[in-house]
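Colleague: this one's sequence-less:
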């Protein structure tokens, strides 16, 4: 099975988890290429200055300082570099210009004859013409129990809303946002985890769910779980008031 990973150059969580995924791939699966989008940790593509200002304005000075130091430390650690992880395994990068759905970019993807796209924090909307390039379409990891908590930063919102459980969902991508049919879903108790701890746990859990999804697609034996739009909730980037409510509820970022 020829896989093309669609991801972003996130310095915090992705490199180690993608490395784990690559080590665990079954013999019949091969990552033949990867697209690495510009980083957008909060889901929206912005300039570096805009991201820093938004982080400061909404999350406050202590979080800004800790986040900034962690960002610098992560950038200096090659183990957190997605491109290096891929280069170490001689996985080619596909260089795209602008929107991945442009015809010239689709031609570049077709050249690798993918059987399946695997989106891990892919931060662009995928159109049907793109999904049709791969034989089995595209699967995406979302770190929440869909159809609840579609959208951005689910780990923040489940904590802020006092949920006792969350989980991961791997679903077939359609043209909506986190709206495709679910292939694998795993649930876990939140307990006293901070947001950072919850992200760590769910990212790792998500890699295992992706591996299970690949096996199901390879065997052709699976039953899809409905991603019921009538039960959905959707969340976007939090406001300063949301962050205040998060802290008032005794939740921790770290």
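Modeller: Arrived safely, thanks for sending. The model shown is predicted, which means the values in this text are computed figures rather than measured ones.
Colleague: contacting residues for residue 184?
Modeller: 168-170, 209-210, 212-213, 216 (C-beta atoms under 8 Å, 6 or more residues apart in numbering). All C-beta atoms are positioned from the backbone trio N, CA, C, and that covers glycine.
Colleague: do residue 13 as well
Modeller: Counted by C-beta under 8 Å, 6+ apart, residue 13 has contacts 199-200, 203.
Colleague: Output the contacts of residue 184 in a markdown table; the columns should cover pLDDT and secondary structure.
Modeller: Below are the contacts of residue 184 laid out as a markdown table (pLDDT from 0 to 100; DSSP: H, G, I helix; E, B strand; the rest coil):
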| residue | pLDDT | secondary structure |
| --- | --- | --- |
| 168 | 98 | strand |
| 169 | 98 | strand |
| 170 | 98 | strand |
| 209 | 98 | helix |
| 210 | 98 | helix |
| 212 | 98 | helix |
| 213 | 98 | helix |
| 216 | 98 | helix |
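Colleague: Mark which of those residues are buried, thanks.
Modeller: Among these, those scoring as buried are 168-170, 209-210, 213, 216 (criterion: 16 or more other C-beta atoms under 10 Å).
Colleague: Among these, which one lies nearest to residue 191?
Modeller: residue 168 (16.2 Å; C-beta to C-beta).
Colleague: pretty sure that closest one contacts residue 185?
Modeller: Yes - at 7.1 Å, residue 168 counts as touching residue 185 under the criterion of C-beta atoms under 8 Å.
Colleague: Common neighbours of those two, please.
Modeller: 145, 209.
Colleague: how many neighbours does the closest residue to residue 30 other than its chain neighbours have?
Modeller: Once flanking residues are discounted, residue 30 sits nearest to residue 2: 6.1 Å by C-beta to C-beta, 6 or more residues apart in numbering. Counted with other C-beta atoms under 10 Å, residues neighbouring residue 2 total 15.
Colleague: now swap in residue 121 and tell me
Modeller: With other C-beta under 10 Å as criterion, residue 121 counts 25.
Colleague: With residue 82 as the reference, measure out to the residue nearest to it when sequence neighbours are not counted.
Modeller: Excluding the flanking residues, the one nearest residue 121 by C-beta to C-beta, 6+ apart is residue 8, at 5.2 Å. Remark: distance between residue 8 and residue 82 (C-beta to C-beta, to the nearest Å) = 8 Å.
Colleague: Hmm, residue 75 is touching residue 11, no?
Modeller: Yes - shown here, residue 75 and residue 11 form a contact pair, counting by C-beta under 8 Å, at 5.3 Å.
Colleague: Name the residue in those two with the higher neighbour count.
Modeller: Each of residue 75 and residue 11 has its neighbours counted (other C-beta under 10 Å); residue 11 has more, 19 against 12.
Colleague: what's near enough to touch that one?
Modeller: Residue 11 touches 39, 71, 74-75, 80-81, counting by C-beta under 8 Å, 6+ apart.
Colleague: From these, list the buried ones, please.
Modeller: Counted by 16+ other C-beta under 10 Å, the contacts of residue 11 give 39, 71, 74, 80-81 as buried.
Colleague: for residue 64, what are its contacts?
Modeller: 52, 55-56.
Colleague: ok, which stretches of this structure are strands?
Modeller: Using DSSP state E, the strands found in the chain span residues 2-8, 30-37, 116-120, 138-142, 150-151, 165-172, 182-189, 234-235.
Colleague: The first one: how far from the chain's middle?
Modeller: Pointing back at strand 2-8 there. 11 Å (C-alpha atoms, centre = their mean, to the nearest Å).
Colleague: That strand pairs with which strands, parallel or anti?
Modeller: strand 30-37 (parallel), strand 116-120 (parallel) (DSSP bridges).
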